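Peer 1: Curious how this folds, go ahead:
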Amino acid sequence: MASGSPTPIVKSLSILGFCVSIIWGAFGKVIHHLKFVVESPPYGRLCSSKEILTVNGEFPGPTLKARRGNKMIIEVYNKARYNITIHRHGLKQERNPWLDGPEYITQCPIQPGNKSTYRVEISVEEGTVR
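Peer 2: This next block holds a predicted model:
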């Protein structure tokens, strides 16, 4: 055997690694479980204060990262003082358009003290969505 040529075991491991990466890419779908707590804390600026909506204490809300084919299950807890809905621009809501849009038009609002679960399948989008 010439030095520099891979041994049969190295060849086998390389082929196995390649096959696993192909299979993982085809079937390695990820389900993201997220918890959003929506609150309306006071926000002060220029000698005045008003309430703003925050998600998990952040304004704007958290950045979601996913790949095509992933699913997101988002539990939304409404700790604000009024009805809310969650809406993400840039995500198609295939097979569940009733979870995308204004309250009482395409979805019922989440009332104060209640929670709702959003199930989103990332169909063709990929990357970062805010």
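Peer 1: which stretches of the chain have low pLDDT?
Peer 2: Scanning the chain for pLDDT under 70 picks out the ranges 1-28, 88-100, 124-130.
Peer 1: Which stretches in it count as strands?
Peer 2: Here the chain has its strands, by DSSP state E, at 31-39, 42-45, 48-51, 54-55, 64-66, 71-78, 115-121, 127-129.
Peer 1: contacts for the longest one?
Peer 2: Identification of contacts with strand 31-39 by CB atoms under 8 Å, 6 or more residues apart in numbering yields 53-57, 61-62, 64, 66, 70-80, 84, 86, 110. Every residue, glycine included, has its C-beta placed from N, CA and C.
Peer 1: switch to 7 Å and redo it
Peer 2: With CB atoms under 7 Å, 6 or more residues apart in numbering as the test, strand 31-39 has contacts from 53-56, 66, 70-80, 84.
Peer 1: Make a ChimeraX selection of the buried ones in those residues.
Peer 2: Command for ChimeraX, covering only those of the contacts of strand 31-39 found buried under the criterion 16 or more other CB atoms under 10 Å:
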select :53,54,55,66,70,72,74,76,77,78,80,84
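Peer 1: For residue 86, which residues are in contact?
Peer 2: 76, 118.
Peer 1: still on that earlier bit, as CSV, the strands of the chain with distance to residue 101 would be great.
Peer 2: Converted to CSV, the strands of the chain look like this (distance: least, CB to CB, whole Å):
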stretch, distance to residue 101
strand 31-39, 17
strand 42-45, 26
strand 48-51, 23
strand 54-55, 18
strand 64-66, 18
strand 71-78, 15
strand 115-121, 12
strand 127-129, 16
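Peer 1: So for residue 102, which of those sits nearest?
Peer 2: Closest approach to residue 102 among the strands of the chain is made by strand 115-121 (14.8 Å; CB to CB).
Peer 1: Direction included, what does the closest one pair up with?
Peer 2: Strand 115-121 pairs in its sheet with strand 71-78 (antiparallel), by DSSP bridges.
Peer 1: Would you mark the buried spots in stretch 101-111?
Peer 2: For stretch 101-111, using 16+ other CB under 10 Å, the buried residues are 107, 110.
Peer 1: try stretch 49-62
Peer 2: Neighbour count says stretch 49-62 has 53-55 buried, by 16+ other CB under 10 Å.
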